[in-house]
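Asks: Structure, please.
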Amino acid sequence: MDASTSASSPDTEPTPRALFVAFGILAAGIVAAGYVGYRRVEAQYRTQVERELSAVANLKVRELLNWRAERMADGDVRRRNPVFAALVTRWFRNPRDAQAERLLRAWLTLAQEGEQYDRLVLLDDRGAERLAAPDTREAPSPVVVAAAEAALRSGKETFLGFYRDAPGGSPSLAVIAPITGALEGGRPVGVLVLRIDPALHLYPAVERWPVPSRTSETLIIGRDGRDVVFLNPLRFRPDAALNLRIPLTKLDVPAVSAVLGHEGLLEGTDYHGARVVAALRGIPGSPWFIIAKTDLSEAYAPLRQRLWSLALLVAFLVTGAGAAVAWTWRQRSARYFKEQAKAADAIRALNADLERRVAERTAELAEANRGLEAFAYSVSHDLRAPLRSIDGFGKILLEDFAGPLGDEGRQHLHRMRAASQRMGHLIDDMLKLSRVSRVELRREPVDLTALATSVVAELREADPGRAVSVSIQSGLSAKGDPALLRIALENLLGNAWKFTTARPDASISFGAEQHNGVRAWVVRDNGAGFDMAYADKLFAPFQRLHRQDEFPGSGIGLATVARIVGRHGGRAWAESAVDKGTAVSFTLE
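Replies: Next up, the predicted model:
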């Protein structure tokens, strides 16, 4: 073979056309890989942002519902107080009774100073103000008078939404509680108005955001005719409460979508002209709506940074590939392959750099999760302290003052203590649910038969008086996290144990079945069952299909199961019929 033949051999020197084709394929592959990688990261990041906004919106709805329920409970307690009602009746019948007036004034002052109300007003059955604490000589608002008249007619307490006592005044809320006089044949003798300053007792909780943010906020809105009216101060409009309105024709505004009945997540233009991503929720039993939103510029800023980094990386790789091709063309075959090896090394280094950045971002997210966990523990601690006080003082009253309280008073205290104890259990269950989502997942062989047997043994030990037939299939095993799978079985078998309490022939089984070609584990019982029309609520937190007095619980157990199997790449579902038992199935990856 002569030198000219060797120099033109395709095995040693690629032709220009072949090099251009190779460059085109390489560049297309780099761009395609970058595009696919970015789309995958984008989808994951958007899901994370939407999940966080949904969690905040759901949290704010629950907080508002609980806060409103507590205020209504305050009104109900006062409405049903026979001593207070008798004192009001006595003074209204004899306005010259100075002792009754002095006692009522002292009672109102103590109640106003010790609770979440900025003014307490006592109205007679004609809506005229008789006493107030503090006694600022304010004329009752027409809105309050109208609500009081309605409460007198219905005999039931009502919650008065955002209103102004005077034009241009600050927003207020109020609980309107009719006072029923025992000596008046059950007819209301007057009305107690418990006025609330939302700037002190509502807005701070609404405006609080779980993590630092420069644009995120929560909005409370309502509908007034053809407008959306904003009910709380806003980050970019501190004077917005009852002042800022947006016509319903602006369909791109999330607040408009919310009052028109839309729920869920959407992108739109906010009240201050910025593009936002928002979670919309209606507040049950009220004309209000909650919006948790973040400006797109903040929500997707890390994603845009990732896009620029990836674009620069792709451009660099494509440029490097072109340079490598040109260099190869000049250096002939041997040097061509040598330079390609070096390029494979310009790529490994860049991949390592990208992995480093991903690791840094992962560390940042882990730190944020630790902050959220610390926040959750702090909040739970702050909530437990007043609950312990309520329960402890209620116990003291029952033990030391049972006689003067009477049967009805003791019943109220029992209900109060039971509610505070249920709240404590609910806080514990919420923390358990959050830990299930954050704990590091381990995958190893797990003996499900042994786990189930251990759980049933604990159930029998805790409830030795019950005779329950339990069947556990032998040889059941899976690959997953032993601690999390034990929690899942404790919830599933515990539910089966609880919902068969009314069955003298109670039976529970645990085994494996094939479901559409996939192996599933099933817990069956012959207990109370439920209507499948409500099956979609079964695995959501705080959703219960039975009354508390029938089967106690917090509604967290099956939500915990769903999260555990979800983290294992599986899913959970249930099949049931009323009074015919339930089968809860789950799969693992």
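
Asks: hey, which helix or strand in this structure has the poorest pLDDT?
Replies: helix 3-7 (a mean of 41; mean pLDDT, DSSP states H and E).

Asks: Show me what secondary structure element comes after that helix.
Replies: helix 16-79 (DSSP states H and E).

Asks: Let me see the mean pLDDT of that following helix.
Replies: On average, the pLDDT along helix 16-79 is 80.

Asks: same question, stretch 415-435
Replies: Stretch 415-435 comes out at a mean pLDDT of 64.

Asks: Over to stretch 195-202?
Replies: Mean predicted lDDT for stretch 195-202 stands at 90.

Asks: Could you work out the end-to-end span of it for me?
Replies: In terms of Cα to Cα, to the nearest Å, the two terminal residues of stretch 195-202 are separated by 12 Å.

Asks: Flag every buried residue along it.
Replies: 195-198, 201-202 (16 or more other Cβ atoms under 10 Å). (Each C-beta comes from the backbone N, C-alpha and C, glycine too.)

Asks: and what of stretch 402-414?
Replies: Buried-residue list, stretch 402-414, by 16+ other Cβ under 10 Å: 409, 412-413.

Asks: neighbouring contacts of that stretch?
Replies: 77, 80, 82, 394, 397-398 (Cβ atoms under 8 Å, 6 or more residues apart in numbering).

Asks: Could you check how far it is from the centre of its chain?
Replies: Here stretch 402-414 is found 36 Å from its chain centre; the criterion is Cα atoms, centre = their mean, to the nearest Å.

Asks: And for stretch 160-175?
Replies: Taking mean C-alpha positions (Cα atoms, centre = their mean), stretch 160-175 and its chain are 29 Å apart.

Asks: average pLDDT for it?
Replies: 88.

Asks: Over to stretch 100-111?
Replies: 89.

Asks: again with stretch 492-501
Replies: Stretch 492-501 comes out at a mean pLDDT of 90.

Asks: re earlier: now the contacts of stretch 402-414 in a markdown table, with distance to Ile487?
Replies: Output for the contacts of stretch 402-414, formatted as a markdown table (distance: Cβ to Cβ, whole Å):
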| residue | distance to Ile487 |
| --- | --- |
| Val77 | 38 |
| Arg80 | 42 |
| Pro82 | 48 |
| Gly394 | 32 |
| Leu397 | 38 |
| Leu398 | 36 |
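
Asks: hmm, which of those residues are the buried ones?
Replies: Buried among the contacts of stretch 402-414 (16+ other Cβ under 10 Å): 394, 397-398.

Asks: you'd agree Ser257 is up against Leu251?
Replies: Yes - if you go by Cβ atoms under 8 Å, Ser257 and Leu251 touch, sitting 7.0 Å apart.

Asks: And those two? Which one has more around it.
Replies: Ser257 (22 against 10; other Cβ atoms under 10 Å).

Asks: could you point out which element follows the helix or strand containing the more buried one?
Replies: Using DSSP H and E, Ser257 sits in helix 254-259. Using DSSP H and E, the helix or strand that follows helix 254-259 in sequence is strand 264-269.

Asks: Determine the set of other helices and strands touching that following strand.
Replies: helix 16-79, helix 254-259, strand 275-282 (3 or more Cβ pairs under 8 Å, 6 or more residues apart in numbering; DSSP states H and E).

Asks: What ranges does the stretch 101-250 of the chain have for its strands?
Replies: 119-124, 129-133, 158-164, 171-180, 188-196, 217-224, 227-230, 245-247 (DSSP state E, counting those that start in this stretch).

Asks: Distance to Ser576 for these - can I get that in CSV?
Replies: Converted to CSV, those look like this (distance: least, Cβ to Cβ, whole Å):
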stretch, distance to Ser576
strand 119-124, 49
strand 129-133, 54
strand 158-164, 36
strand 171-180, 40
strand 188-196, 43
strand 217-224, 37
strand 227-230, 42
strand 245-247, 45
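
Asks: Give me the neighbour count for Leu234.
Replies: When neighbours are counted by other Cβ under 10 Å, Leu234 comes out with 19.

Asks: follow-up on the earlier one: which of the buried residues of stretch 195-202 sits closest to Leu231?
Replies: Distance to Leu231 across the buried residues of stretch 195-202 (Cβ to Cβ) is lowest for Pro198, with 8.2 Å.

Asks: Look up which residues are beta-bridged to Arg281.
Replies: Ile290 (DSSP bridges).

Asks: I'd like to know how many residues surround it.
Replies: Other residues close to Arg281 by other Cβ under 10 Å number 20.

Asks: so it touches His262, yeah?
Replies: No - the pair Arg281 and His262 does not pass the contact test of Cβ under 8 Å, sitting 10.3 Å apart.

Asks: wait, Arg486 sits on Ala452?
Replies: No - at 9.3 Å, Arg486 and Ala452 do not qualify as touching, with contact defined as Cβ under 8 Å.

Asks: who has more neighbours, these two?
Replies: More crowded of Arg486 and Ala452, by other Cβ under 10 Å: Ala452, with 26 against 17.

Asks: Tell me who's in contact with the more buried one.
Replies: 472, 476, 489, 493, 510.

Asks: my guess is the third one is in a helix, correct?
Replies: Yes - residue assignment for Leu489, taken from DSSP: H, G, I helix; E, B strand; the rest coil, places it within a helix.

Asks: Just the element for Arg519, please.
Replies: strand 518-525.

Asks: Following the chain onward from that strand, which element is next?
Replies: That would be, after strand 518-525 and using DSSP H and E, helix 557-567.

Asks: hey, C-alpha coordinates of that next one in CSV?
Replies: Output of helix 557-567 as CSV, limited to C-alpha atoms (Å, rounded to 0.1, in the frame of the first residue of the first chain):
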residue,chain,number,x,y,z
GLY,A,557,-54.0,7.0,59.4
LEU,A,558,-54.9,6.2,55.8
ALA,A,559,-53.3,9.5,54.6
THR,A,560,-50.1,8.2,56.3
VAL,A,561,-50.5,4.8,54.5
ALA,A,562,-50.9,6.6,51.2
ARG,A,563,-47.7,8.6,51.7
ILE,A,564,-45.7,5.6,52.7
VAL,A,565,-46.7,3.4,49.7
GLY,A,566,-46.3,6.5,47.5
ARG,A,567,-42.7,6.9,48.6
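
Asks: Could you name the helices and strands sitting against it?
Replies: Helix 557-567 packs on helix 402-438, helix 482-499, strand 572-576, strand 582-586, going by 3+ Cβ pairs under 8 Å, 6+ apart.

Asks: Kindly recompute the last result at 7 Å.
Replies: If you count contacts as 3 or more Cβ pairs under 7 Å, 6 or more residues apart in numbering; DSSP states H and E, helix 557-567 packs onto helix 402-438, helix 482-499, strand 572-576.

Asks: Buried ones in it, by neighbour count?
Replies: In helix 557-567, counting by 16+ other Cβ under 10 Å, buried: 557-565, 567.

Asks: next one: stretch 95-103
Replies: Those would be 100-101, 103, for stretch 95-103 by 16+ other Cβ under 10 Å.

Asks: Domain boundaries for the protein, per the record?
Replies: 80-201, 209-299, 440-586 (automatic domain parsing).

Asks: and Ser309, which of these is closest to it?
Replies: domain 209-299 (17.8 Å).

Asks: So for that closest one, mean pLDDT?
Replies: Per-residue pLDDT values over domain 209-299 give a mean of 92.

Asks: Tell me which stretches of the stretch 251-400 of the chain form helices.
Replies: For the stretch 251-400 of the chain, the helices defined by DSSP state H, counting those that start in this stretch cover 254-259, 296-299, 301-400.

Asks: and those helices, which one is worst for confidence?
Replies: helix 301-400 (a mean of 69).

Asks: Make CSV from the buried residues of stretch 402-414 and add distance to Thr294 to it.
Replies: Output for these, formatted as CSV (distance: Cβ to Cβ, whole Å):
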residue, distance to Thr294
Gly409, 49
His412, 43
Leu413, 44
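
Asks: pretty sure Gly320 contacts Ile347?
Replies: No - in terms of Cβ atoms under 7 Å, Gly320 does not count as a neighbour of Ile347; the distance is 8.1 Å.
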